[in-house]
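*Asks:* Structure here, sequence nowhere to be found:
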C-alpha cells in the first residue's frame, strides 16, 4: 500500500507500507531524504508542527534581481519603455512572492523513529496515513510479543504485559487474561 502527499509548493512525501516496515521519503526544493523503519520502532508519540514553505521566497528574490537588471539595463535597451515596464512588473511580482512566502506555512503531524522524523502533511489523506502507521505498529507488536513466554521469568512477562497495556496494544481483558496465565504457571512451577 502506498500514499503520497504534497504540501503547498515543493514539499512531497511518500509512504510505502510493507509487511514489516514502512519506507518513508520526503522531497523539497533542495534535497531528498528517506529511510525504512520497522513498525515496532515507530514512537507512539506524535506532535503537530508548522513549517514555512520557502519556494515563494526564492521566487521573489529571483524576480527582484530580474527587476533590478531590467531597470538598470532599461535606459540603454533598444526599447527602454518595455524594459522599464517589465522591470516594474518584476518588482511587483517579486514583492508579491515575498509576501506570499512570509505567510505560506503548512502543518504536519510529526512521528518519531530511531531513523528520523516522519512528517505527515495536514492535507487530504493525513488521517488515513496516521491511522495506517499506528494500526501496523500495533499489529506488528502484537505479532511479536502477545504470546506469553512461559520459559521467561514471570516478572519479565508481567512487565512486558504492563508495557503492552500502557502502549494501548492490549485491552484490559487481554492484560488480565495474560496475568492470570502467568500467575497460574508460576504457581505450577513452585508446586504445593
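*Replies:* Looks like it arrived, so ask away. Computed from a prediction, not measured in an experiment: that's the story for all the values here.
*Asks:* What helix or strand is residue 173 located in?
*Replies:* Using DSSP states H and E, residue 173 falls within helix 172-190.
*Asks:* model confidence over that helix, on average?
*Replies:* The pLDDT scores in helix 172-190 average 86.
*Asks:* got it, and stretch 155-163?
*Replies:* What stretch 155-163 shows for mean pLDDT is 93.
*Asks:* Please enumerate residues in contact with it?
*Replies:* 145, 148, 149, 170, 175, 178, 179, 182 (CB atoms under 8 Å, 6 or more residues apart in numbering). The way it works is simple: take the backbone N, C-alpha and C, and place the C-beta from them, glycine included.
*Asks:* Check the residues you listed against residue 46 and report the nearest one.
*Replies:* In terms of CB to CB, no member of these lies closer to residue 46 than residue 170, at 20.5 Å.
*Asks:* Ignoring the adjacent residues along the chain, who's closest to the closest one?
*Replies:* residue 164 (4.5 Å; CB to CB, 6 or more residues apart in numbering).
*Asks:* For residue 17, grab the count of nearby residues.
*Replies:* 16 (other CB atoms under 10 Å).
*Asks:* now do residue 120
*Replies:* Neighbours of residue 120 (other CB under 10 Å): 23.
*Asks:* ok, residue 13 - contacts?
*Replies:* 4, 5, 24, 25, 26, 27, 119, 120, 121.
*Asks:* Cool, thanks, signing off.
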